[in-house]
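Participant: Sequence and predicted structure are below.
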Amino acid sequence: MNPPTLEKRETVKTKVKTIGTMGAEVRVRFAPSPTGPLHIGGVRTALYNYLFAKGGGGRFILRIEDTDSQRFVPGAEEYIIEALSWCGILPDEGVEGGKVVESPSSKHPYAPYRQSLRGDIYSRYAQQLVEAGSAYYAFDSAEELEKLRKEAQERGEGFLYNYQNRESLSNSLSMPKNEVERRLKESRDWVIRFKVSPNRKVELYDLIRGEILIDSNTIDDKVIWKSSDSLPTYHLANVVDDVEMKITHVIRGEEWLPSLALHYLLYEALGWEEFRPQFAHLPLLLKPDGKGKLSKRDGERLGFPVFPLEWREGDKEVSRGFREDGYYPEAFINNLALLGWNPGGENELFTLQELVESFSIDRIVHSGAKFNVDKAKWFNQEYLRKRDIGALALELSPILKENGVDIELSKVEEAIALVGDRIAFVDQIWKESDYLFKAPSQLDPKLKSKVWNDNSSRQLKELSNIISQIENFTPPNIEEEIKNYIKENSLPMGQVMNTIRLMLVGEGKGISVAQIIYFLGKEESLSRLSKSL
RNA sequence: GGUCCGUUCGUCUAAUGGUUAGGACUCAAGAUUUUCAUUCUUGCAAUAGGGGUUCGAUUCCCCUACGGACUACCA
């Protein structure tokens, strides 16, 4: 069971492909913990798992890792499912009708997919490990351990519960049998620790990073099962479920890399080396400015969402979501996919299907990526431009309603066509086209002082006359008539045009004057022009 | 402190021993324009440092620096 010796990424790719075509179906899982909303790093992990599975004709499984009863947050599980669904990342297994599946069926053969419902399975294996001498009962109190950690820290060392001190701590290795039995019966305060054997060089293999060699003396005897809630910790639950659920590839965040050696040892102790999946540890998503990994607080601090959907904690705390901020899921996913992976060409725009087709683990980047909100906006702009005008009109309707505009859809579509390439988000359409639906309530004083003079009133009156008499009322004609007037009277073009704009728009923005007049129609245009008089 | 992972423009990245080190976002300038935008063109901008190996290193090796993760009866 030695890890393969592979130097080049090229070779790794071949290996991954081979496994996919050797008959064994690719099965990957995304295994979040329902302790709060999924953040974009988690979404990216789910996405990469999904892309890898779909690219190899495999299955993508959602498993809920709720073995920490203390940190469970109501609503988090539903949030995770809804967020993935918004992104178009639909699990093949583990969730049905928006709910995590709790009993086995042909489609969901390894149910339940919620770990808190699988307690018996883990305790059986935990027991097995103890009986085999690979694990032991430990009774040390939190206070005792805390004290030891503190002391170690004061000496400038780290505390490890391992071969060096396990004989002198309170556990089944150091106590007489009857004392152990008494304690097991009397309290719910004990745990099972994995017994790491000393002086071993554990050879790990990561699909992204290659070979890693770990000295077993640096690993500590992790708690794998706790009697307080009769549930395992991540390490055991993970290994057991990945094997039970026939997972072939574990694609997870880099924060797990330090415990990979422990996991290898666990597979070994359970006699499961041949079922051990392949591992790929993803680089982390980092804060856009300073240092460290992206966190919930960064979104608030920097003014952009870090969650796919809005999240409410009680009634007070609200965290923004990309969906609520007006991002399209396609744009969001596209952006995320390229944060830590890229297919090598110069194209940056990919549909989910195209991502599936081009994704490969060997092109995952090795270093962490800082999230950049400008780029995220750019992606959204690209997707908005590709969007059908009819769809945009529907998306804009609620905003129009909010602003008291009641107008037929065809007119809305016409307006969107005029301003469509100026915006990145639907709500910007309103900001860029409000003057097409509503007369300005006030005139920008800055523009006014720049363009308004003693002749302006007279000019507007004369222009109103001209406009009212245009028979072939089209933008080019309107423009020509206005320009003729300016020419005949030898007036400065910019000044006159901007005076008209001032009256129509109220400020120095917007599409061409002729286009505006055409869109508004004679009556409304003339009404706006006459307001100054 | 210890263990592990990483390091190419400000940011995301391409180039896996031979390129004027490429693209995208941002920014700047110019062109277009009646305004604001858009669009187009151009520009600014990087191989962390030091040693090797080699005819030749962004690329392979070592050291240093820096960054990150982990170091819970959390995942």
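Facilitator: That came through, no problem.
Participant: So which bits of whichever helix or strand A:D242 is part of are buried?
Facilitator: Here A:D242, judged by DSSP states H and E, is contained in helix A:234-244. Judged by neighbour count using 16 or more other C-beta atoms under 10 Å, the buried positions of helix A:234-244 are A:Y234, A:H235, A:L236, A:A237, A:N238, A:V239, A:V240, A:D241, A:D242, A:V243. All C-beta spots, glycine's among them, are computed from the backbone N, C-alpha and C.
Participant: Next: stretch A:277-296.
Facilitator: Quick answer for stretch A:277-296 (16+ other C-beta under 10 Å): A:P277, A:Q278, A:F279, A:A280, A:H281, A:L282, A:P283, A:L284, A:L285, A:L286, A:K287, A:L294.
Participant: and A:M497, what does it touch?
Facilitator: The contact partners of A:M497, by C-beta atoms under 8 Å, 6 or more residues apart in numbering, come to A:I482, A:I486, A:V513.
Participant: what's stretch A:382-399 in contact with?
Facilitator: A:328, A:330-331, A:334, A:349, A:409, A:412-413, A:416-417, A:420-421, A:423-427, A:429-430.
Participant: Filter these down to the buried ones, PyMOL style.
Facilitator: Those of the contacts of stretch A:382-399 that count as buried under 16+ other C-beta under 10 Å are selected in PyMOL with:
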select buried, chain A and resi 328+330+331+334+412+413+416+420+423+424+425+426+429+430
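Participant: mind listing which of the contacts of stretch A:382-399 are in helices?
Facilitator: Using DSSP state H, the members of the contacts of stretch A:382-399 that fall within helices are A:E330, A:A331, A:N334, A:L409, A:V412, A:E413, A:I416, A:A417, A:V426, A:D427, A:I429, A:W430.
Participant: which residues sit in contact with the second one?
Facilitator: Same thing as A:A331. The contact partners of A:A331, by C-beta under 8 Å, 6+ apart, come to A:A376, A:F379, A:N380, A:E382, A:Y383, A:L384.
Participant: okay if I get these as TSV plus neighbour count, pLDDT and distance to RNA strand B?
Facilitator: Converted to TSV, the contacts of A:A331 look like this (neighbours: other C-beta atoms under 10 Å; pLDDT from 0 to 100; distance: C-beta to the nearest atom of the strand, whole Å):
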residue	neighbour count	pLDDT	distance to RNA strand B
A:A376	23	97	8
A:F379	23	97	8
A:N380	24	97	11
A:E382	17	97	9
A:Y383	20	97	13
A:L384	22	97	11
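Participant: ok, of those residues, which one's closest to A:L338?
Facilitator: Proximity of those to A:L338 (C-beta to C-beta) peaks at A:F379, which lies at 8.6 Å.
Participant: so which helix or strand takes in that closest one?
Facilitator: Going by DSSP H and E, A:F379 is part of helix A:373-386.
Participant: pull the helix or strand with minimum mean pLDDT from chain A.
Facilitator: Within chain A, confidence by mean pLDDT, DSSP states H and E is lowest for helix A:9-21 among all helices and strands, at a mean of 34.
Participant: Double-check A:Y264 against A:R276; I have them as touching.
Facilitator: Yes - in this structure A:Y264 lies within contact range of A:R276 using C-beta atoms under 8 Å: 7.3 Å.
Participant: which residues touch A:E151?
Facilitator: By C-beta under 8 Å, 6+ apart, the contact list for A:E151 reads A:F159.
Participant: And A:F279, how close does it get to RNA strand B?
Facilitator: Going from A:F279 to RNA strand B by C-beta to the nearest atom of the strand, to the nearest Å gives 12 Å.
Participant: Flag every residue of the stretch 201-350 of chain A that's near RNA strand B.
Facilitator: By C-beta under 7 Å from any atom of the strand, the residues of the stretch 201-350 of chain A that approach RNA strand B are A:209-210, A:212-215, A:218, A:220, A:223, A:226-228, A:231, A:233-234, A:254-259, A:283-284, A:286, A:288, A:290-293, A:338-342, A:344, A:346, A:348.
Participant: at 6 Å instead, please
Facilitator: Neighbours of RNA strand B within the stretch 201-350 of chain A, by C-beta under 6 Å from any atom of the strand: A:209, A:212, A:214, A:218, A:223, A:226, A:228, A:233-234, A:254-255, A:257-259, A:284, A:291-293, A:338-340, A:342, A:344, A:346, A:348.
Participant: Just the buried ones among these, please.
Facilitator: Members of those classed as buried by 16+ other C-beta under 10 Å are A:209, A:214, A:223, A:226, A:233-234, A:254, A:257, A:284, A:338-340, A:342.
Participant: Name the nearest of those relative to A:V43.
Facilitator: A:L339 (10.5 Å).
Participant: Find the helix or strand that the closest one is a member of.
Facilitator: A:L339 is located outside every helix and strand, with elements delineated by DSSP H and E.
Participant: give me the number of residues near the residue nearest to it when sequence neighbours are not counted?
Facilitator: With sequence-adjacent residues excluded and distances taken as C-beta to C-beta, 6 or more residues apart in numbering, A:L339 is closest to A:A369, at 4.5 Å. A count of nearby residues for A:A369, using other C-beta atoms under 10 Å, gives 18.
Participant: which residues does A:A369 bridge with?
Facilitator: A:L285 (DSSP bridges).
Participant: right, and it touches A:L286 too?
Facilitator: Yes - counting by C-beta under 8 Å, A:A369 touches A:L286, with 6.6 Å between them.
Participant: Quickly name whichever of the contacts of A:M497 is closest to RNA strand B.
Facilitator: A:V513 (3.9 Å; C-beta to the nearest atom of the strand).
Participant: any low-confidence regions in chain A?
Facilitator: Within chain A, the stretches with pLDDT under 70 are A:1-23, A:290, A:532-533.
Participant: and the angle for the helix or strand following the helix holding A:F379 with helix A:409-419?
Facilitator: With elements assigned by DSSP H and E, the helix or strand that comes after helix A:373-386 is helix A:389-402. Relative orientation of helix A:389-402 versus helix A:409-419 (axes from the mean of the first three to the mean of the last three C-alpha atoms, to 10 degrees): 100 degrees.
Participant: so helix A:389-402 versus helix A:373-386, what angle?
Facilitator: 110 degrees.
Participant: Need the CA coordinates for helix A:389-402. CSV is fine.
Facilitator: Provided in CSV are the C-alpha atoms of helix A:389-402 (Å, rounded to 0.1, in the frame of the first residue of the first chain):
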residue,chain,number,x,y,z
ILE,A,389,-33.8,41.4,-22.6
GLY,A,390,-37.2,40.0,-21.7
ALA,A,391,-35.7,38.2,-18.7
LEU,A,392,-34.0,41.5,-17.6
ALA,A,393,-37.3,43.3,-17.9
LEU,A,394,-38.9,40.9,-15.6
GLU,A,395,-36.1,41.2,-13.1
LEU,A,396,-36.4,44.9,-13.2
SER,A,397,-40.2,45.0,-12.7
PRO,A,398,-40.1,44.9,-8.9
ILE,A,399,-37.7,47.8,-8.8
LEU,A,400,-39.9,49.8,-11.1
LYS,A,401,-42.9,49.1,-8.9
GLU,A,402,-41.0,50.2,-5.8
